[in-house]
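In: Quick one: sequence plus predicted model below, questions after.
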Amino acid sequence: MADAIRVLAMDAVQKANSGHPGMPMGMADVATVLFSKHLKFDASRPDWADRDRFILSAGHGSMLIYALLHLTGYDAATREELSNFRQWDSKTAGHPEYGHMPGVETTTGPLGQGLANAVGFAMAERHLAAHFGEDLVDHRTWVIAGDGCLMEGVSQEAIALAGRYRLNKLTVLWDDNAITIDGAVSLSDTTDQKARFKAAGWAVKAIDGHDMGAIKSALKWAERQNKPTLIACKTKIGRGAATMEGSHKTHGAALGEAEIAATRLGLGWDHAPFDIPEHVEKAWRKVGRRGAKARQDWEERLAEAELQDDFVRAMAGGLPDDAFDDLDAAIAEAVASKPAQATRQSSGAALSALFEAVPELMGGSADLTGSNNTLVAGTETFDAPDYAGRYINWGIREHGMAAAMNGMALHGGLIPYGGTFMVFSDYSRPSIRLAALMGIRVVHVLTHDSIGLGEDGPTHQPVEHLAALRAIPNLQVFRPADTVEAMECWRLALEKADGPSALALSRQKTPAVRTEAASENLSARGAYELKAASAKAKATLFATGTEVALALKAAEQLEAEGVPTRVVSVPSFELFNTQTKAYQTKVIAKGTVRVAIEAGVRQGWDRFIGEDGGFVGMSSFGASAPAEVLYEKFGITAQAVVAEVKARL
């Protein structure tokens, strides 16, 4: 059965003349024992909510999971798909991609991401078990990770979190083959990985990764532990290859026809490429059916469960019918009371209005809770041993937080959110990008969104970050102007089930600009006319966030000087781009002088103002001083906006 994995891997890579056969061949024994003896799954129902999650963090070895899915009988993992490995429109991509092939739980490839995602999967399982009961939620998360996964820094953030929260249903199977692309691991690393995991609070065992008995014993051991487990599987990369076993040359290239022929001979495998002997295929298909009874028993328990409807809705990603009732009331109150406050505070108010109505919301902060306003009063903290709390202390671990949030979203049943300073979205960016690529709902609360954070200085003042985030496809970036817009943007973030959102929120107070009730969520337009000109407009001012109030002040001055001026609030570039061409043309108003105001770099704004439009913002890094001083010194003032307009009239 293990040799079937080896042969499929080398055949697919050879046909594509591209890929990584070494890891699947080396971990075939471990994977065979895991799937045949321990993994709880039913190949006929890949979406079974209480299945074990199997995550291939070492995603370059994607033929391992494709071979396993094919052999166990997943409908989509056909022989034709394996034969089309890495080709256009194939479900068998070069690295596993979520949503392409049932059975692939997350998109992996950037090393360490799958391992960090797995922590989120395990956290979600523990929290949902506490909420819905272990009759409905009781499964494990298994990860195959390689040396590269453990070298990447995100792995340390991830394993520290898992150890702290005693995620005992998480097991990492380390492919300890001591090989990287360039050669031996010792070329670049001498870390005692087993000691590292132990230091982080894990139970650790080392085995021969080709000894079936040792593998079986170790997997049973893992299931008995009261903490997360690492099994160091000492393997040979390219196991079974006739002359290349153990060589780094098997890592990322086809073995070649001669080597494959010799390997077939050595394995006693006298079958054509992609052909599986009948008795081997039957054995594997039996493995694929092994979990059917457990799945059927679970479905019976679900049918009788008091919380059945809530469970099914949450796992499907649907929102409660009354999800936004309290938020709508809060918006109406904000219109009436016109609060002057930082938009980070407005975001906190939105969360407070949503938290009880949307029990799937679960989040925290990278050790910036008071600054990010991510804690709703009265919320219990997520922690061992009961895990019922909904607030997570992530520690100073932006990358690990973002990756684990991806895992929580992928698990299903939760809508994760996490806060940090916007400048540190650089640490979160690889995981934000993968969330956008996978199309999963994760909300990033990014406060201290400009030089307006003041005295902390340029290391903490984001200037290029809005442009950088806006460059990521399928990421909604919001920069609300006041409390009403912040609440509208939170609603839009929750309504987008097929991608992540980032909310850029101010540290400093800003006056209310939405002072009249609207019949629709205006932020959903992406950009909308906030203030009309007194006559036929000669100028249009575009702004986001705290600079919208500044634009209104400039417009007032221009109107006083006889220049009819309209103001457009632009909470989301991405949503504006989805509007009709007619609407976009009306909002942009090319016949007017156009000036944009944002305390960041210009990049991206030419979409609104054209190449010759005016821009009042940043073209350098910031400095350490009070916010009001910085805005004056860097020329982000109403007077500067007026001057930009006049220069172009």
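Out: Structure's in. What do you need?
In: Specify the local secondary structure of the closest residue to W298 other than its chain neighbours.
Out: The shortest distance from W298 to any non-neighbouring residue, by C-beta to C-beta, 6 or more residues apart in numbering, is to D50 (5.1 Å). Where you see a C-beta, it was placed from the backbone N, CA and C, and this is true even at glycine. With DSSP: H, G, I helix; E, B strand; the rest coil as the basis, D50 sits in coil.
In: Which residues does stretch 312-322 contact?
Out: Outside of stretch 312-322, the residues within contact range by C-beta atoms under 8 Å, 6 or more residues apart in numbering are 49, 302, 357-360, 412-414, 441, 494-495, 497.
In: try it again with 10 Å
Out: The contact list for stretch 312-322, computed with C-beta atoms under 10 Å, 6 or more residues apart in numbering, reads 47, 49-50, 128, 131-132, 136-137, 302, 305, 307, 310, 354, 356-360, 409, 411-415, 440-441, 491, 494-495, 497-498.
In: Give me the buried subset of those residues.
Out: Buried members of the contacts of stretch 312-322, counted by 16 or more other C-beta atoms under 10 Å: 49-50, 128, 131-132, 136-137, 302, 305, 310, 354, 357-360, 409, 411-415, 440-441, 491, 494.
In: Next step: the residues you listed restricted to strands.
Out: If you go by DSSP state E, the buried ones among the contacts of stretch 312-322 have I415 in strands.
In: For A76, see how far away the residue nearest to W298 is.
Out: 21 Å (C-beta to C-beta, to the nearest Å).
In: again with A377
Out: Note on A377: its distance to A76, by C-beta to C-beta, is 46 Å.
In: what do you get for Y165?
Out: Y165 sits 34 Å away from A76, taking C-beta to C-beta as the criterion.
In: More neighbours: which of A377 and A76?
Out: A76 (15 against 7; other C-beta atoms under 10 Å).
In: mind listing what the more buried one touches?
Out: Shown in contact with A76 (C-beta under 10 Å, 6+ apart): 46, 69-70, 91-92, 100-104.
In: Tell me where the stretch 451-600 of the chain has strands.
Out: 476-478, 501-505, 528-531, 539-543, 565-569, 593-597 (DSSP state E, counting those that start in this stretch).
In: Would you format those as a markdown table with distance to A31, mean neighbour count and mean pLDDT included?
Out: Formatted as a markdown table, those follow (distance: least, C-beta to C-beta, whole Å; neighbours: other C-beta atoms under 10 Å; pLDDT from 0 to 100):
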| stretch | distance to A31 | mean neighbour count | mean pLDDT |
| --- | --- | --- | --- |
| strand 476-478 | 38 | 27 | 98 |
| strand 501-505 | 36 | 28 | 98 |
| strand 528-531 | 53 | 18 | 98 |
| strand 539-543 | 54 | 29 | 98 |
| strand 565-569 | 53 | 25 | 98 |
| strand 593-597 | 54 | 26 | 98 |
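In: And M101, what's its pLDDT?
Out: pLDDT for M101: 97.
In: Please tell me how far it sits from D52.
Out: Using C-beta to C-beta, M101 is found at 17 Å from D52.
In: and what of N226?
Out: Noted for N226: a distance of 18 Å to D52, by C-beta to C-beta.
In: Have a look at the two and say which one is more surrounded.
Out: Here N226 and D52 are set side by side on neighbour count (other C-beta under 10 Å), and the busier one is D52, at 21 against 10.
In: Remind me which helix or strand the residue nearest to that one when sequence neighbours are not counted belongs to.
Out: Nearest residue to D52, sequence neighbours excluded (C-beta to C-beta, 6+ apart): K40, at 4.3 Å. Under the criterion of DSSP states H and E, K40 resides outside all helices and strands.
In: Surely K40 is in contact with E125?
Out: No: K40 is not in contact with E125 according to C-beta atoms under 10 Å; the separation is 11.9 Å.
In: can you count the residues close to the nearest residue to A130 once chain neighbours are set aside?
Out: Of all residues not flanking A130 in the chain, A388 sits nearest, at 4.1 Å (C-beta to C-beta, 6+ apart). A388 has 13 neighbours, counted by other C-beta under 10 Å.
In: Could you tell me how far A388 is located from R140?
Out: The spacing between A388 and R140, counted by C-beta to C-beta, is 20 Å.
In: roughly how far apart are I392 and G94?
Out: To G94, I392 is 33 Å away according to C-beta to C-beta.
In: Which of the two has more residues huddled nearby?
Out: Legend: neighbour count by other C-beta under 10 Å for I392 and G94, higher for I392 (26 against 18).
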